[in-house]
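Enquirer: fold the following and give me the result.
(2 chains)
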Amino acid sequence: MSAVEQAENPLVAGLERLPVAPTTLVIFGATGDLAKRKLLPALYNLAHEGALPERFHLIGVSRKEKENDDYREECEQAIRRFSRRTPDGDVLQGFLKNVNYVPGEFNEESVYAELEQVLDGFDREAGESLNRAFYLSTAPNFFPLIVEQLGERGLSSHDDAEVRVIIEKPFGTSLQEALELNRQVLDVFEETQIFRIDHYLGKETVQNMMAFRFANGMFEPLWNRNYIDSVQITAAEDIGIGTRAGFYDQTGALRDLIQNHMLQLLCHVAMEPPVSFTAEEVRNEKVKVLHAIHAPKPEEIPEIAVHAQYSPGHSGGEDVPGYLEEEGVHEGSTTETFAALRLEVDNWRWAGVPFYLRAGKRLARKITEIAVTLKPVPHLAFSQDGSLGVKPNQLVLTLQPNEGVTLQLGAKIPGSRMRIRSVNMEFLYGTSFMSQSPEAYERLIMDAMRGDPTLFTRNDEVEAQWRICDPILQAWESAGGPLPQYEAGSQGPEVANDLLLDGHHWRAI
Amino acid sequence: MPAVSDAVWSERGTTPDAIEAALRELLAERHSEDGGFLPARVLNMVAFVESEWSGEIANRLRGVGRYHASRLVVLSYDPKRTRLDAHASVAAEGEAKPGDIVLLHETVIVELGDRHLDDLLTIADPLVVSDLPTLLWSPHGHPEAVQALLPLAQATLLDSVDEPVWHEAIDRANTLSDRLYVVDLAWLRSTPWRERIAATFDPPALRGELDQITSITIRHHPDSTVAAMLLIGWLASRLGWQLSPMRAEGDVLSGTAQAERQEIALRLQAAPEQLVRGLAGLSIETASGIQLRLDRGTGGLRAHQRDAEGREHEWTILGASRGEAGILGEGIRQALLRDPTYRPALQAAQQMLP
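Expert: Numbering: from 1, shown residues only, chains lettered A, B, ... in the order given. Have a look, this model is predicted:
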C-alpha cells in the first residue's frame, strides 16, 4: 500500500463538498408522503448542486403496482411541486433516468429477489460494487419485517462496499417497542450501519447550538447551576393536526416531539463539551445527559408532567374546531395535543436547575426556542419605582421561525432618574449569512451515504429517551380522560402552570 | 435580487459624509416603516468600474441573488468628471409580513473622475460598514485604483481569464495574494472538476493511483488557459510534483511535471468549439492503465473511465450549470471563506509559465 493510499485523500483539502462513494439508495415506502414531500426533493437538490455521489441510483419500493416510467413521472411531479428550487430540466431528466421501481408487499420474498437483481445490475453496469443504503420510510410496523427480509436475502452486507440502513422516526412507540426494534435491527445490521433519523438534528439551527456553546468563550463559564436559574424549551405550532389525524391520534405531543426532538435539544443545551466532534464523542456526551435524567416514578408524574387537548377557538382570524371535532379523531380520544414536562439533569453541572419542556398544537403562534434564564443579581442598588423593573438576564436561542440569539439585558431608561428596564441585544442568522440553509433531509441523506452518524441517534440514546418518557405515557394511559382543555390559538392550558417552581413562569408564545 | 421596494437618495456635488448620513437616514426610514426591515450585515463590496460599463456591471450584480453584498459601493469612473455625484438606495428583498424579517441591501453609486483618484480611499472608506469584511472588485483592470483601495479590503475578486495576456493574470493574482485573500472566478469555475477528480481517487483502492499519474490533458475555452494551468497547479501542489516552464506550440501548451517516481506529460489545448469560459474536458492516465476522462455536457459532466483491465464505463455526473451569474455570486460568497489550496495552486502555475 503506498503512502498516498494510506493517508487521507490529499485532493479533498479546501473542497466544501467531500466525496461520497457511488451509492444505490433504496426507499421503502417510495410513494408515501415523506418520500414525495421531503426525500425526492432533497435528492433532486443534491443532484442539482452536484453533491450526489458521481454514480447514483434510486430504487423505489412500495406496495402499489406500477412501471418504472410511471414512478419516474410521480417523482418528477413531486420534485416540481416540493423542491426548494425550480428544477433544471437537464439535471432532472438525468436524475430520473437513474430511478427504478420495484412493486410489492414488504413481506414478499419476491420483492427482495427482484430488488437484489436490480441492485446487482447496477453493480455490473458500473463495473464495481456500489454502496447500498436502505431508507425505511414506511409505517413503523414494517421496519422489523423489512430489516428481517433484507437479512434473510443477504442484503445486509455487500462485497467490497458499505451497506447502511436509514430508519425514520418513530423508533418504537414505547420503551418496550424500541428495545425490541433495536434488538431486531441489530440482529441483522451492525450499529455502525444503522442511521436512525431525527430530522431536527439535520437542521442548521440545532447544529449552530454546538457552535454557539463551544466556539464562544463568554457563555461557558456561566453555563451551570451557579448562574443559570432555569431552562425552557418550547416547540409551539399554530396549526392543528390537518389531515394527519390517523397518525397523530395514535401518537400525541409527547411521542411526536418531546421524546425525540425536544430531548435532543435538551441534550445540546446540557451536554459537556465533547473532546472532539466525532460522532462517538458527541453522542457519548448526549447520552450522559439522558442518563442523568431519572425515569420518573408514578407518584412524581402529576408534579412533573401535564397534558391537554385544544378546544375550539380562533387561529389566524378564523374559527377552528377543537381536537375532538377534527376529522378522523376517535370519539373521546385521550391523545394529548399539548404536553409539558419539568425535568432535572442530576449531575454536577445542572443539579437543581429545572428544564421545562413544552410542545403543542394550535397554540398562539409557531415558535421553537430555548430560553436560558440566569439567576438574578445578588443585590440591586437601584430603585425600581416607576419602571418595569430589573429582570434576570435571559438568553433566548430561537430555532424557528427567525433563527437567532437574543440576550435580554437591563438598561437605563433615558432621563434624569435611574430607572431600569429590559432591552434586547439581538442577533439574527438571516442578517449575517448569505447562504441558504439546506433542508435537513439533504444533509442527513448525504451524511448517511457518507457513513457519518454524528447527526443520527444511537441505540442507547433512543432507549434512554424512552426510559424518561415511557413512565409518563403509561401513567397518562392508565389515568384515561377527559383531558384538560385549552382554547385553540391560546398560550396553552392553565394546568401547565402547575409544573412551575416558585418564581418561574412560561414565556409568552 | 427580487427587490420589491427601494428607498432612494441622490445628490450632486456631494461628500462621503453626506452619503453616509443619507444611508443612515434611509435605513432608519425603512425600519420605521416596519420593524421587520433589517439591514443585512454580512459583507461590504467596493466595485471600481468604468462609467460607460457600469450598467453592465449592475446587471451582473443583479444576477447574484442572495449573494448580493450587504452594502455595495460602486465607484463609477469617468476620467473627465470633476464633481462627485452619488445615488444611494436601500432595497428590500420582499414585502414585510408580520413576524418575518425582510433583509435590506444598500447600494451606493459614486460618480467620480481623474481628479478623485488620489483620494479614492478617503472617498470609499467612510461608505463601508465598519467591522464587516470588505471585498474589492475592479472588473475593468485599473490596477492603480486597486492599489489605492487595498487598505480597505480583506479580499479581492478577480477573474484571471479577463486578463488580455494570460500569463500576466497569474503574476497579478500572485502579487495580490501577497497582500490579501484573492477570490478568482477562473478557479471557482473549476470547482466541479476538482471535486470529481478528488472523488475518482477517493476510494482507498484507487488512492494509490495518484502516485502513478503519467499524463494529463486539459481542453479549455481559448480564453481560459489560466483555468487549465490552475488545475494543473492544484494537482501539482497537492501531490508534490515539481513543475517546469511549458512550451507553447500554436494553441497548445505542453510540458512535464516531475513526481517522486515518474514524469507526467502535461498538455493544455484550446477548444475553440467551447462557447463558455472554463474547462471543456480533461483526461488523466495512470501507469496501471487507468484513464479518467471528463467532458462538459448537458445536466452535468460526462465521465468516461477505463479501469486497469481495460473495461470502459461511461456515466453522467449530475449538476446544474451555475452560469456566469452563479459564478459571480459564488465569488462573493467565497470572500467570507478561505480556500487554502488556491494560493499553492497559483504559485505552482507560475512555475509553468513559458
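Enquirer: surely B:Ala28 is in a helix?
Expert: Yes. Assessed by DSSP: H, G, I helix; E, B strand; the rest coil, B:Ala28 belongs to a helix.
Enquirer: kindly report the residues of the stretch 351-500 of chain A close to chain B.
Expert: A:365, A:401-402, A:428, A:430-436 (CB under 8 Å from any CB of the partner chain). For the C-beta atoms, the positions are set from N, CA and C on the backbone; glycine is no exception.
Enquirer: try 6 Å
Expert: A:402, A:430-432, A:434 (CB under 6 Å from any CB of the partner chain).
Enquirer: so among these, which ones count as buried?
Expert: Buried by 16 or more other CB atoms under 10 Å in any protein chain shown: A:402, A:430-431, A:434, out of these.
Enquirer: for the residues of the stretch 351-500 of chain A next to chain B, give me a markdown table that also has pLDDT and secondary structure.
Expert: Formatted as a markdown table, those follow (pLDDT from 0 to 100; DSSP: H, G, I helix; E, B strand; the rest coil):
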| residue | pLDDT | secondary structure |
| --- | --- | --- |
| A:Asn402 | 83 | coil |
| A:Gly430 | 81 | helix |
| A:Thr431 | 85 | helix |
| A:Ser432 | 85 | helix |
| A:Met434 | 79 | coil |
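Enquirer: reformat the residues you listed as CSV; add distance to A:Gly360.
Expert: Compiled in CSV, these are given as follows (distance: CB to CB, whole Å):
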residue, distance to A:Gly360
A:Asn402, 20
A:Gly430, 26
A:Thr431, 30
A:Ser432, 31
A:Met434, 34
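Enquirer: the strand or helix carrying A:Gln77 packs against which elements?
Expert: When elements are assigned from DSSP states H and E, A:Gln77 belongs to helix A:68-82. With contacts taken as 3 or more CB pairs under 6 Å, 6 or more residues apart in numbering or on different chains; DSSP states H and E, helix A:68-82 sits against helix A:40-48, strand A:99-103.
Enquirer: and the helix or strand that the last one is followed by, what's buried?
Expert: This means strand A:99-103. Counting by DSSP H and E, the next helix or strand C-terminal to strand A:99-103 is helix A:109-126. By 16+ other CB under 10 Å, the buried positions in helix A:109-126 come out as A:111-112, A:114-115, A:118-119, A:122-123, A:126.
Enquirer: the helix or strand following the helix holding A:Gln77 vs chain B: in contact?
Expert: Using DSSP H and E, the next helix or strand after helix A:68-82 towards the C-terminus is helix A:89-97. Yes. Helix A:89-97 comes into contact with chain B (CB under 6 Å from any CB), by way of A:90-91, A:94-95.
Enquirer: could the residues you listed be laid out in TSV, adding neighbour count and pLDDT?
Expert: TSV is the format used below for the residues of helix A:89-97 next to chain B (neighbours: other CB atoms under 10 Å in any protein chain shown; pLDDT from 0 to 100):
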residue	neighbour count	pLDDT
A:Asp90	17	94
A:Val91	23	95
A:Gly94	21	95
A:Phe95	28	96
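Enquirer: return the closest of those with respect to chain B.
Expert: Of all the residues of helix A:89-97 next to chain B, A:Asp90 has the smallest distance to chain B: 3.2 Å, by CB to the nearest CB.
Enquirer: contacting residues for that closest one?
Expert: Residues in contact with A:Asp90, defined by CB atoms under 6 Å, 6 or more residues apart in numbering or on different chains, are B:298-299.
Enquirer: can we see that at 8 Å?
Expert: Neighbour list for A:Asp90: B:298-300, B:320 [criterion: CB atoms under 8 Å, 6 or more residues apart in numbering or on different chains].
Enquirer: top of the residues you listed by neighbour count?
Expert: Each of these was scored for neighbours by other CB atoms under 10 Å in any protein chain shown, and B:Gly300 scores highest at 26 neighbours.
Enquirer: next one: that one from B:Arg196, what distance?
Expert: According to CB to CB, to the nearest Å, B:Gly300 stands 10 Å off from B:Arg196.
Enquirer: between the two, what contacts are shared?
Expert: With CB under 8 Å, 6+ apart as the test, B:Gly300 and B:Arg196 both reach B:Ile317.
Enquirer: any idea where the strands of the stretch 251-400 of chain A begin and end?
Expert: A:305-311, A:313-315, A:318-320, A:338-344, A:354-360, A:367-374, A:394-400 (DSSP state E, counting those that start in this stretch).
Enquirer: quick one: buried residues of the fourth one?
Expert: When burial is assessed from 16+ other CB under 10 Å, strand A:338-344 yields the following buried residues: A:338-343.
Enquirer: check the third one too.
Expert: Under the neighbour-count criterion of 16+ other CB under 10 Å, strand A:318-320 has A:Val320 buried.
Enquirer: pull the distance from that strand to the chain's centre.
Expert: In terms of CA atoms, centre = their mean, to the nearest Å, the centre of strand A:318-320 is found 29 Å from the chain centre.
Enquirer: coming back round to it: tell me which two of the residues of helix A:89-97 next to chain B sit farthest apart.
Expert: A:Asp90 and A:Phe95 (9.6 Å; CB to CB).
Enquirer: which stretches in the stretch 101-250 of chain A count as helices?
Expert: A:109-126, A:143-152, A:175-188, A:204-214, A:245-253 (DSSP state H, counting those that start in this stretch).
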